[in-house]
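In: Dropping a prediction and its sequence here:
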Amino acid sequence: MLLAPHSEVHYLVGLLACLRAGVVAVPTLSKMNRRSLDRIQAHGEDAGACALLADPWVLAQREFHIGDSGAWIHSIPWLNLEDAYGQDLQPSTQSVFPLPESELAGDLAYLQYTSGSTSRPKGVMVTHANLAAQLGVLERVLDHRPGSVICNWMPLHHDFGLIMSLQALYSGGTAVLLPAVPTVQRPRRWLQAISDYRAVTSAAPNFMFDRCVEYISPLECHDLNLSGLHNLLNAAEPIQPATLRTFANHFHPYGFRESAWVPAYGLAEATLMVTTGLPGNGFLIESFDTDALLEKRAVAACATTQGKELVGCGTPLVAESVSIVDPESGQPCPTGGIGEIWVASPSVAAGFFGRDVESTETFDARIPSQVDTRSYLRTGDLGFLWKGELFIAGRHKDLIIVRGENHYPQDIEYTAAQSHPDLEPNAGAAFAIDGA
């Protein structure tokens, strides 16, 4: 069932209905334009969706874009979620997120698509057991309880926004949902909602914190109170040390505590989070020898070497669930070695829908050992463990090699963005050109 309501509340209601009914949900975009419809169609065709669940806004917009995509998307039924609402519908008295019976735990809950704009989309098969494991460990680590308020502005078709919103329901708390585009355009909406509703947890990618500092002046902060915020997660893209410091300094006068930072690392193939910082600990920033990093070694910088600051992404949510492995040999890297991040935990998804070969390659990696017989998820990300925390170095396949030297794209992108004030942050890309 394609899930595409425009309203955030309708979106969550539709997903919960699918979970309760045993229907595999396919969260997708709710925008009605040619590009979005093409992606919705790609997701639906790949999943073999039987219908699209929408709300009145989406259904009204559909009429204006009937010719903006292929015929398939308009050949399946488009269902109005509000048609299921009875006249005497009463709010549920059940305060805790419903979990499936144990015999259904291995069944698919939903397909989380990771791409689809330039290639065939990949649907990550998230089971009920994966979802329950992820929500359970986040509840414990972030200390969520009945009554906890979690504020989310990220789109619900994205794994980050979806899981953070479901986390509120799972813990018996309250989800405060904001529309993504208007919130990015005016980031003060987000901080105002955190302040007004006394949210204890919220989250965003790194770029959003930069936007808050850039677009929210001190004159607009006089009525903000961020003192109730215990967990502010930063994940989904490289975390910049300067962003953490600047945001903390900018909003400290309005109650924000540096200890509320929770850097994290995750991916859709692991349902969401793999590692997080611990509440109250703030962030760990370490400076590493730049030359050693390019040689895939983590060595602390000293007075005589050029250093690069990296942010720790916390500790594994599940003990001993993260291994650093040489991507070529499959052998564990020595202490301080930079290798591919492999994950083995109950939150690791069942594979890619309809892609058996790729699923085996990605989700069934093995470390040659008579002791460790687990199947691992190969993340494709490079990293290392330092002082118990995971540090991210880059993407294995994105590594740029120039004259025999390794370069991480995010370093080039960040350096270029800082080189001139006319260059927009988070708006550039560095990549290698084959044969150049």
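Out: Here it is on my side, so go on.

In: So Gly14 versus Leu317, what's the distance?
Out: Relative to Leu317, Gly14 is positioned 28 Å away (Cβ to Cβ, to the nearest Å). Glycine gets a C-beta too; all of them are placed from N, C-alpha and C.

In: Let me know the secondary structure of the most centrally placed residue in the chain.
Out: By Cα atoms, centre = their mean, the chain has its centre lying nearest to Phe160, at 3.5 Å. Of the three states, Phe160 takes helix according to DSSP: H, G, I helix; E, B strand; the rest coil.

In: Surely it is in contact with Thr271?
Out: No: using Cβ atoms under 8 Å, Phe160 makes no contact with Thr271, being 11.0 Å away.

In: all helices for this protein, in order.
Out: Secondary structure of the chain by DSSP state H: the helices cover 8-21, 34-47, 56-62, 72-75, 128-141, 159-170, 180-185, 188-197, 206-215, 241-251, 290-294, 356-363, 409-418.

In: in the second one, what counts as buried?
Out: I take that to be helix 34-47. Across helix 34-47, burial judged by 16 or more other Cβ atoms under 10 Å covers 36-44, 46-47.

In: Show me which of the residues you listed is closest to His65.
Out: Leu37 (6.2 Å; Cβ to Cβ).

In: Which pLDDT value goes with the closest one?
Out: On pLDDT, Leu37 comes in at 88.

In: cool, and Asp372?
Out: Asp372 carries a pLDDT score of 84 in this model.

In: likewise the one 10 residues further on?
Out: Predicted confidence (pLDDT) for Leu382: 97.

In: doesn't Trp342 make contact with it?
Out: No: at 11.4 Å, Leu382 and Trp342 do not qualify as touching, with contact defined as Cβ under 8 Å.

In: ends of stretch 349-360, how far apart?
Out: End-to-end distance for stretch 349-360, by Cα to Cα, to the nearest Å: 12 Å.

In: For Phe251, which non-adjacent residue is closest in space?
Out: Leu226 (6.0 Å; Cβ to Cβ, 6 or more residues apart in numbering).

In: For burial, what's the neighbour tally of the one you found?
Out: Per other Cβ atoms under 10 Å, the neighbour tally for Leu226 reads 21.

In: Relative to Thr127, how far out is it?
Out: Between Leu226 and Thr127 the computed distance is 37 Å (Cβ to Cβ).

In: Quick check: which ranges of the chain have low pLDDT?
Out: Within the chain, the stretches with pLDDT under 70 are 66-69, 86-103, 115-119, 370, 396-415, 417-422, 424-427, 429-436.

In: which other helices and strands contact the strand ranked longest in the chain?
Out: Taking DSSP state E as the criterion, the chain has its longest strand at strand 377-386. Counting contacts by 3 or more Cβ pairs under 8 Å, 6 or more residues apart in numbering; DSSP states H and E, strand 377-386 is packed against strand 322-325, strand 339-343, helix 356-363, strand 389-395.

In: For Leu142, find the nearest of these.
Out: Of all these, it is strand 389-395 that lies closest to Leu142, at 16.7 Å by Cβ to Cβ.

In: Tabulate the CA atom coordinates of the closest one in CSV.
Out: Output of strand 389-395 as CSV, limited to C-alpha atoms (Å, rounded to 0.1, in the frame of the first residue of the first chain):
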residue,chain,number,x,y,z
GLU,A,389,32.7,5.9,20.1
LEU,A,390,32.2,5.5,16.3
PHE,A,391,33.8,8.1,14.1
ILE,A,392,32.8,8.4,10.4
ALA,A,393,35.5,8.9,7.8
GLY,A,394,33.5,8.8,4.6
ARG,A,395,32.0,6.5,2.0
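
In: and it, how far from the chain's centre?
Out: Mean-position distance between strand 389-395 and its chain equals 15 Å (Cα atoms, centre = their mean, to the nearest Å).

In: Next: stretch 47-64.
Out: 25 Å.

In: Would you mind measuring the gap between the ends of that stretch?
Out: Stretch 47-64: ends 26 Å apart by Cα to Cα.

In: same check, this time on stretch 173-187
Out: OK, stretch 173-187 end separation, Cα to Cα: 24 Å.

In: Same check on stretch 215-233?
Out: 20 Å.

In: same check, this time on stretch 369-389
Out: The first and final residues of stretch 369-389 sit 24 Å from each other (Cα to Cα).

In: Ok, stretch 330-345 next?
Out: 18 Å.

In: which other residues reach that stretch?
Out: Contact partners of stretch 330-345, identified using Cβ atoms under 8 Å, 6 or more residues apart in numbering, comprise 133, 265, 270, 274, 293, 296-299, 316-318, 321-327, 365-368, 374-384, 386, 390, 392-393, 396.

In: In ChimeraX, how would I select the buried members of these?
Out: To isolate the buried subset of the contacts of stretch 330-345 in ChimeraX, counting by 16+ other Cβ under 10 Å, use the following:
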select :133,265,270,274,293,296,297,298,316,317,318,321,322,323,324,325,327,365,367,374,376,377,378,379,381,382,383,384,386,390,392,393,396
